[in-house]
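# Got a sequence here, can you build the structure:
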Amino acid sequence: MTDIVPTPGIEELRFYDTRTRQVQRFEPLAPPTVGVYSCGPTVYAPQTLGNMRSQIVPDLLRRVLLVAGYDVTYVTNITDVGHLVSDADEGDDKLEQAAAKTGQTAAELAELYTEQWATDRRRVGCLEPDLVPRAASHIDEQLAMICVLEEQGHTYVIDDGVYFDVSTFPRYAEFAHLDLDEMETSGRIEHLEAKQHPADFALWKLTPAGVVRQQEWDSPWGRGFPGWHIECSAMATKYLGERFDIHTGGIDHVRVHHTNEVAQSECVLDVHPWVGTWMHNEFLDLGGEKISKSKGHVLVVDTVVEHGLDPLAFRYFTYQAHYRQQQAFSWEAMEAANTALRRLVAKAVEARDADGDPDPAAVEPHLRRFWSALADDLNAPQALAAVWEAVRDPDLSLASRWAFLADADRALGFGLAGAVAPDADESGSDPRIDMLVAERHAARAAKDFAASDRIRDELAAEGIDLVDTADGPSWRRR
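Here you go, the predicted structure:
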């Protein structure tokens, strides 16, 4: 490897690979370039805090890779078609179903919740993706992959659609350590008897006779829409090549979505392994259940603000558990994270504004502990511990403390360089902002939620957080 001068402590990165089930040294395919693909949102409903955790984890990964000197291409997709209500290829498309319930078009819903997702990513400190491809805009690429699979003998057609025959891919069970014999005995489905094996999955779903869908396209097999899994394979391959370095997603993707991605991609491309490292984050737990919009858990970034907390407190909260551990969510834990973040910001502002020069020799051991923790499979809890150890070190001058924090914030993503001391400019009176807040309040009362959301997003872009209370709305600067 050439032209890479890593920060102390980050000379060697080690990540847990879901495929091999072990922590291993990260070795990119073509250093210094690194390609990362993250499964993005299915935009049929608001993106929850659980969805945000699956954005913060790869954002931390990306930041660590950048600090290590890599040239990262980060791609995360928008699933705006093809994700059925059941992983067993049953039921309707989630977006199509939501559109029927709300009276809005599928395109309107996709735009609404894509914008909410993008705004909330920024509010929790995530860097902008390099590419955000939409599944509905890549139908040709998906059809091309299905055609290759058909030519190779990996598919069959039933009345319901075109399916991948898992028996034609001997390694199918390896990725998630599946028991295909047990699956065949118990059956993963009840209503698609024509499938040759319960694990066979849809590549293209055919529109039933007499049904008109909002999102459907012509194909060699008839009018219909793509299966969920082929979408990610097509988009990842288009933007990152036939093989790439890291694929991330939630742990719930392992058994079905990512297993199917591997099967179809390795067949079409004739490669193995298709992805160098698979990284999956665990669930955010709410009273024994994962936080999920499909279960009615509508905890979003706005909910955090409504509780009077900084959205970045959720980022801090996320760092308090390793990404491969389930994390219990509670408002008590969030309030504690918010308090800790405020204290950290106060310490950073004090150090940032102090005079003097840092002592590199005093800073280096702290930086090494911090970056070594993140280099070891993104151990954020240990990295946070290193932060507080440095902040409380009586032998570090204020200038040295700031040198450490400024460097560490490249991964932390708290925006410490531009932070305002917690007790300053948090609230107050500004005629223009007061007027906008009043307009938003009136819009909400009139159920004009589009105008309400537009004003909220405009204020959020200025660093203004809104808090809706029993006494009416108030605002504060971040």
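
# And Ala173, which helix or strand is it part of?
Here Ala173, judged by DSSP states H and E, is contained in no helix and no strand.

# now swap in His247 and tell me
Using DSSP H and E, His247 sits in strand 244-250.

# In its sheet, which strands sit next to that strand, and in what direction?
strand 33-38 (parallel), strand 275-281 (parallel) (DSSP bridges).

# Throw the ones you listed into a markdown table and include mean neighbour count and mean pLDDT, thanks.
Yep, even glycine has a C-beta here, placed from its N, CA and C like the rest. Formatted as a markdown table, these follow (neighbours: other C-beta atoms under 10 Å; pLDDT from 0 to 100):
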| stretch | mean neighbour count | mean pLDDT |
| --- | --- | --- |
| strand 33-38 | 23 | 98 |
| strand 275-281 | 23 | 98 |
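
# so His322 touches Ala380, yeah?
Yes: contact criterion C-beta atoms under 8 Å: His322 and Ala380 qualify, at 6.8 Å.

# Name the residue in these two with the higher neighbour count.
Higher neighbour count among His322 and Ala380: Ala380, with 23 against 18, using other C-beta atoms under 10 Å.

# And that one, how far from Asp59?
According to C-beta to C-beta, to the nearest Å, Ala380 and Asp59 sit 12 Å apart.

# So Ala110 belongs to a strand, correct?
No: according to DSSP: H, G, I helix; E, B strand; the rest coil, Ala110 belongs to no strand; its state is helix.

# which residues does it contact?
Contacts of Ala110 were listed using C-beta atoms under 8 Å, 6 or more residues apart in numbering, and they are 43-44, 78, 80, 95, 134, 136.

# Asp80 versus that one, what's the distance?
Separation of Ala110 from Asp80 (C-beta to C-beta): 4 Å.

# Spit out the residues that contact the two alike.
Common neighbours of Ala110 and Asp80, using C-beta under 8 Å, 6+ apart, are 43, 95, 134, 136.

# And the spatially most central residue of the chain, its phi and psi?
Nearest to the mean C-alpha position of the chain, counting by C-alpha atoms, centre = their mean, stands Gln55 at 2.5 Å. Dihedral angles phi and psi of Gln55 (degrees, to the nearest 10) take the values phi -100, psi -40.

# That one touches Cys126, doesn't it?
Yes: applying C-beta under 8 Å, one finds Gln55 in contact with Cys126, separated by 5.5 Å.

# hmm, back to that, what comes up buried for the strand holding His247?
244-250 (16 or more other C-beta atoms under 10 Å).

# Which stretches in the stretch 151-300 of the chain count as helices?
Under the criterion DSSP state H, counting those that start in this stretch, helices of the stretch 151-300 of the chain are mapped to 180-186, 228-240, 259-269.

# Which one of these lies nearest to Val23?
Val23 lies closest, by C-beta to C-beta, to one member of these: helix 259-269, at 20.2 Å.

# Give the other helices and strands that the closest one contacts.
In this structure, helix 259-269 packs against helix 139-151, strand 161-164, helix 228-240, with contacts taken as 3 or more C-beta pairs under 8 Å, 6 or more residues apart in numbering; DSSP states H and E.

# Please repeat the previous calculation with a cut-off of 7 Å.
Helices and strands touching helix 259-269, by 3 or more C-beta pairs under 7 Å, 6 or more residues apart in numbering; DSSP states H and E, are helix 139-151, helix 228-240.

# Deepest in the core, which of these is it.
Neighbour counts (mean count of other C-beta atoms under 10 Å) averaged over each of the helices and strands packed on helix 259-269 peak at helix 228-240, with a mean of 24.

# List of residues touching it?
Helix 228-240 is touched from outside by 35, 37, 39, 73, 75, 77, 79, 82-84, 131, 133, 135, 138, 141-142, 145-146, 201, 203, 244, 257, 260-261, 264-265, 269, with contacts defined as C-beta atoms under 7 Å, 6 or more residues apart in numbering.

# which residues touch the strand holding His247?
Applying C-beta under 7 Å, 6+ apart, the set of residues contacting strand 244-250 is 28-29, 34-39, 54, 57-58, 61, 236, 258, 275-281.
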